[in-house]
Every structure is written in C-alpha cells, then in structure tokens.
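Chemist: This is a predicted model, with the sequence first.
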Amino acid sequence: MKISTKGRYALRMMLDIAEHDSGDPVRVKDIAERQGISIKYLEQIVSMLVKADFLRSIRGPQGGYLLNRKPAEYTVGSILRLTEGNLAPVECLSTPVNPCERSQGCVTLRLWTEVNEAIASVVDKYTLEDLLEWKRQANGIQDFVI
C-alpha cells in the first residue's frame, strides 16, 4: 500500500492548522509557504476536508480554515480514508463482505487480512494531537503546568 501525495498533504495540512490554531483562521497561503506545497493543490484538498466537515471555512480578508473538532478527535486513519478511500492492501478486503469467489480456499487471505488489520491498528491509534506532541518532543518543547 502506498499513500498518495493527496493523503500525505491532507495530513500535513490538518496538522499545520492544528499547530497554528490561535483562534484565528489559518490561511491556505500560509500553509502552502510553511509546508512547501502548491496553493492550487492545497485548495483541492481543503475543499474535500470542508465537505467532509473536518474543517470550517471562514470567508473574507481575515478568513481561512479552522478545525471543526479538537485535534485529539481526528485519527490519522480518518484523514487518510477520506483522501485515499480504502486503505486495504488488496481489493477483496475493500468492502465489509469479501466479494471474491476464491475467498473460501484462498491461502493468502489470512496474510492480507493481518496486513489490513495491522495498518488499521496503527492509523486508527494515532490522532492529530499525538502528532502535535511528537513535533513538540522533536523540537524540545515541553508543556509545563504549574
């Protein structure tokens, strides 16, 4: 399985918005500059994220985008599934019921099922909040509460 640029950039965009959430909308232009991604490509992705109710659009000169929920409520898997569709490693596992006529005697189905479950267990385990924490740790930023 290979995640496309659309999936990777959507995740980076959501993470950037979460990281720069000061209560004011985050502009696509600013995200594009920080992430080194074209504005045109981000506009396509942001449209998808708004339609899925992941982001809220604020119009006007001070407009931009805000997360609709807290970063802890967005799993990496939910963002990737929105942009990539199904994350299954083989077509026969892309629907709840396996449509393959060979599934009963398929020796490799067990392998593909385990791969599918492993992928889901990772991408559904981590949230935008986890990624923000990883970034803070990588940058040596500590959240101290007194």
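Modeler: That came in fine, so what should we check first?
Chemist: where along the chain do the strands fall?
Modeler: 55-58, 64-67 (DSSP state E).
Chemist: Please save the CA atoms from the last one in CSV.
Modeler: Spelled out, it's strand 64-67. Taking Å, rounded to 0.1, in the frame of the first residue of the first chain, the C-alpha atoms of strand 64-67 are listed here in CSV:
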residue,chain,number,x,y,z
GLY,A,64,-9.1,30.8,6.4
TYR,A,65,-9.7,27.5,7.9
LEU,A,66,-10.3,26.1,11.4
LEU,A,67,-10.6,22.5,12.7
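Chemist: how far does that strand sit from the chain's center?
Modeler: When distances are taken as Cα atoms, centre = their mean, to the nearest Å, strand 64-67 is centred 15 Å away from the chain's centroid.
Chemist: Mean confidence (pLDDT) on that strand, please.
Modeler: Averaged across strand 64-67, the pLDDT comes to 97.
Chemist: which residues sit against that strand?
Modeler: 14, 17-18, 21, 24-28, 30, 46, 49-50, 54-58, 74, 128 (Cβ atoms under 8 Å, 6 or more residues apart in numbering). The way it works is simple: take the backbone N, C-alpha and C, and place the C-beta from them, glycine included.
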